[in-house]
Structure formats: C-alpha cells, structure tokens
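1. Here is my input; please provide its structure:
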Amino acid sequence: MKEYIPLPGSTKEKILTSALDIFTKQRFEETNINEIAKKANVTTGAIYHHFGSKSKLLDIIKREVEQRIVDRMEGVIDLFETPLEKVEAALKTGLDFVIKKKMSYLFIDAQGLEANKVYMLVEELCGETGIKGLESMIYSAWISIIDSVTNSELTIEDGKNLIIWLVKKN
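-> Numbers count the residues shown, from 1 in each chain. Okay, here's the model as predicted:
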C-alpha cells in the first residue's frame, strides 16, 4: 500500500480531496495553503505535518492522477498495432480524461518530465517508432492542446484532430 493513501474520513484524506478540488480549478501559484486548510477544515499545520509543503502535496496528487490517465492510455493502446496508432489513441484518451475530469491545471503547470508517468508512456510508445525526439514534441503539443481546450481556444474535437494531424505528419 502506498504511504499516501489515506483512510476514508481521515485528516489526510480530507486534505487530499480538498487540494485536488482546488488544484483542478486554479493554477498552483494561485493556490494558497490557507485555502486548502479552510476547505479541508484543518489547520495549515496539519497540511505541513502530513505533506511537508504545498508542492509535495501537489506532487502526490499529480502522481495519482497521472496513474489514472496512464491506466486508461495503456488500456486503449492494446487495441492498436502500430506505434503511431498507439500514440494517437493514448493521447486522445488522455485528452478526454483530463478535460472531462477538469484536471487540466495539473498538466498545464510546469513539471519535470523524468518523473511524469504520462510522458514516460509517450516516450516508450514513440521509441518504438524509431523517430528520435518525437516524444518531447508530441508531449509538448499534447500539453498545449490541453491548455487551448481549457481556455476555450479549441474544442475537444479540434484537439483530437490536432493529435491525429501530429501523428500522421510523423
């Protein structure tokens, strides 16, 4: 069992649930630790005691959300044969999940790619194509598409069409 999985109704669970709700509605920089504490009905000290900092709390939440997305992506890639078909299906599935669950800000904010489970899956799939550097370009475009859909600059269907175009160009 992972150390951060809280017991239902526990202080840890209240903090994680409240923080997830807040981090999905606004960017990390806009989020105040007091806001999370108030929503969870705990003290800021409880947050620091259980998680150490706002950024560590966000890291735990991101890892959990990334795993949910990767699970869905891995489920869909088994339906396809070629690496580029797998990349396209995985990214479209991930886009659907992120937008429908309103978790865009967890991906739009800057993060290290080396620990990002979604990036690592994209890297693995793109590695099968033999096209060097494809994973960085595809992943960056995916994040930009999420940002554009979140800001109503694109529809989710436009985003999926861009993913198709990107994959077909490679």
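2. contacting residues around Ala40?
-> 11, 14-15, 17-19, 46-47 (C-beta atoms under 8 Å, 6 or more residues apart in numbering). From N, CA and C alone the C-beta is placed, and that goes for glycine too.
3. any idea how far Pro83 lies from Glu13?
-> Per C-beta to C-beta, to the nearest Å, Pro83 is found 39 Å from Glu13.
4. sorry, back to before: okay, and which of the contacts of Ala40 map to helices?
-> 11, 14-15, 17-19, 46-47 (DSSP state H).
5. Give the single residue among the residues you listed positioned nearest to Asn151.
-> Ala19 (22.8 Å; C-beta to C-beta).
6. burial count for the closest one?
-> 24 (other C-beta atoms under 10 Å).
7. same deal with Asn151?
-> 10.
8. Repeat that for Asn41.
-> 11.
9. Is it correct that it is in contact with Lys14?
-> Yes: at 6.7 Å, Asn41 and Lys14 qualify as touching, with contact defined as C-beta atoms under 8 Å.
10. thinking again about what came up before, and Pro83 and Glu13? Which one has more around it.
-> Remark: of Pro83 and Glu13, Pro83 carries more neighbours, 20 against 14, as counted by other C-beta under 10 Å.
11. Just give the nearest non-adjacent residue to the more buried one, would you?
-> Glu128 (3.7 Å; C-beta to C-beta, 6 or more residues apart in numbering).
12. Run a quick neighbour tally on that neighbour.
-> Neighbour tally, Glu128, other C-beta under 10 Å: 12.
13. Going by neighbour count, list what's buried in the longest helix seen in the chain.
-> Ranked by number of residues, the top helix in the chain under DSSP H is helix 54-77. Going by neighbour count (16 or more other C-beta atoms under 10 Å), the buried part of helix 54-77 is 54, 57-62, 65-66, 69-70, 73, 76-77.
14. Of those, just say which sits nearest to Ser148.
-> Checking these one by one against Ser148 (C-beta to C-beta), the nearest turns out to be Ile69, at 18.2 Å.
15. Which strand or helix spans Lys86?
-> helix 83-100 (DSSP states H and E).
16. Need the contact partners of that helix.
-> Contacts for helix 83-100 (C-beta under 8 Å, 6+ apart): 68-69, 72-77, 79-80, 103-104, 106-107, 118, 121-122, 125-126, 128-129, 138, 142, 145-146, 149-150, 156, 159-160, 163-164, 167-168, 170.
17. Now with 7 Å, please.
-> 69, 72-73, 76-77, 79-80, 104, 107, 118, 121-122, 125-126, 128-129, 138, 142, 145-146, 149, 156, 159-160, 163-164, 167, 170 (C-beta atoms under 7 Å, 6 or more residues apart in numbering).
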